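Participant: Using only what follows, build the 3D model:
(one chain, ligands or ions: 1)
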Amino acid sequence: MTSKPVLIREDGTRIDGRKPDEMRPVKITVGVLKNANGSAIVEYGDTKVLAAVYGPREAMPRHISMPDRVVLRVRYHMAPFSTSERKTPAPTRREIELSKVIRESLESVVFTSLFPRTGIDVFIEVLQADGGTRTAGLTAASIALADAGIPIRDIVVGVAIGKVNGILVVDINELEDEYGEADLPLGIAPNTKEIVLLQLNGVLTREEFIKAIEMGYNAAEQVYKIAKEALYNKYINILER
Ligand code: ADP
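Facilitator: Coordinates of the predicted model:
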């Protein structure tokens with residue numbers, strides 16, 4: 001059995017040198033695919049996720065269409081080359097579950113009643129995994145929806161708060177996820193302040209939980225700024241061309 005690595009150093013910094021409330025470097029690129037209506041790549045450190053949006057278009061197969069709203073279909077998938085050991089390309093139970101929770105999160109920000117009888121397809125492809133793929137994927141998907149021009153109440157920022165060596169930390173990486181005591185992935189709509197995704201792995205006290213949510217809001221605010229800038233940069237470049 002391998003021993004648990006020290007996740008918080010004596011000076012209070014984390015295994016990758018970050019402070020507890022520090023995100024990994026965040027990079028967002030909008031409009032990376034020509035054939036999708038909207039797309040984005042979101043990077044949280046070494047985690048790199050691509051999202052592509054198609055629609056609103058005729059819902060296929062037709063029987064899934066709804067008379068009063070658009071049907072969102074979400075596929076979260078990890079590329080076989082995204083992990084250190086080849087991941088099976090076939091969808092796993094985990095991927096099916098994540099597709100469902102991400103779909104439900106996105107449904108709470110899309111104005112679904114504007115597009116009855118149609119469908120929107122959202123593909124989330126994890127290109128490189130180092131923890132936080134569902135949260136980076138959620139951020140990427142909501143930005144791709146915005147890029148597709150689909151009316152949304154707010155962008156959703158995903159961020160996972162963890163507890164490692166008894167300390168709450170923001171945006172956990174794979175090592176912190178694997179050896180930490182708790183993992184709290186959040187989906188936050190920074191404008192409306194709604195929480196549209198919340199999962200908890202492990203145990204937090206009531207006080208820790210409240211502090212973790214607060215840390216999530218602060219981190220979401222930082223990512224939101226970068227997302228807005230990335231969207232703005234794409235469209236300002238088009239206008240200036
Ligand atoms: P998240 O990526 O949202 O944090 P998990 O907590 O389930 O989701 O996974 C944590 C990390 O473990 C992933 O980001 C990835 O780096 C790694 N991981 C997950 N599934 C696999 C897999 N099938 N093979 C290898 N690594 C994986």
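Participant: all helices in the chain, in order from the N-terminus.
Facilitator: Along the chain, the segments classed as helices by DSSP state H run 93-107, 133-147, 174-179, 206-240.
Participant: Could you dump the ones you listed into TSV with mean neighbour count and mean pLDDT added?
Facilitator: (C-beta placed from N, C-alpha, C; glycine too.) Output for the helices of the chain, formatted as TSV (neighbours: other CB atoms under 10 Å; pLDDT from 0 to 100):
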stretch	mean neighbour count	mean pLDDT
helix 93-107	18	98
helix 133-147	29	98
helix 174-179	18	97
helix 206-240	15	94
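Participant: chain center to stretch 82-100, what's the gap?
Facilitator: In terms of CA atoms, centre = their mean, to the nearest Å, the gap separating the centre of stretch 82-100 from the centre of its chain is 15 Å.
Participant: err, stretch 78-92, not the other one
Facilitator: Taking CA atoms, centre = their mean, one finds stretch 78-92 lying 18 Å from the centre of the chain it belongs to.
Participant: same check, this time on stretch 43-56
Facilitator: What separates the centre of stretch 43-56 from the centre of its chain is 8 Å, taken as CA atoms, centre = their mean.
Participant: Can you name the residues of the chain that neighbour the ligand?
Facilitator: Neighbours of the ligand within the chain, by CB under 6 Å from any ligand atom: 83, 85, 87, 94, 129-135, 160, 174, 177, 183, 185.
Participant: if we go to 8 Å?
Facilitator: When proximity is defined as CB under 8 Å from any ligand atom, the chain approaches the ligand at 47, 78, 82-85, 87-88, 92, 94, 98, 126, 129-137, 160, 172, 174, 177-178, 183, 185, 201.
Participant: Residue 20 is nearest to which of the helices of the chain?
Facilitator: Distance to residue 20, taken as CB to CB, is lowest for helix 206-240 among the helices of the chain, at 8.1 Å.
Participant: which other helices and strands contact the closest one?
Facilitator: Counting contacts by 3 or more CB pairs under 8 Å, 6 or more residues apart in numbering; DSSP states H and E, the secondary-structure elements packed against helix 206-240 are strand 26-30, helix 133-147, strand 157-164, strand 167-170, strand 182-189.
Participant: so how far is residue 77 from the residue nearest to residue 133 when sequence neighbours are not counted?
Facilitator: Counting by CB to CB, 6 or more residues apart in numbering, the nearest residue to residue 133 once its immediate chain neighbours are dropped is residue 126, at 4.6 Å. Counting by CB to CB, to the nearest Å, the separation of residue 126 from residue 77 is 7 Å.
Participant: same deal with residue 83?
Facilitator: As defined by CB to CB, residue 83 lies at a distance of 12 Å from residue 77.
Participant: Switch the helices of the chain over to CSV; also include distance to residue 197.
Facilitator: As requested, the helices of the chain are exported to CSV (distance: least, CB to CB, whole Å):
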stretch, distance to residue 197
helix 93-107, 4
helix 133-147, 6
helix 174-179, 16
helix 206-240, 10
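Participant: between the helices and strands packed on helix 206-240, which one is nearest to residue 71?
Facilitator: Closest to residue 71 of the helices and strands packed on helix 206-240 is helix 133-147 (CB to CB; 14.2 Å).
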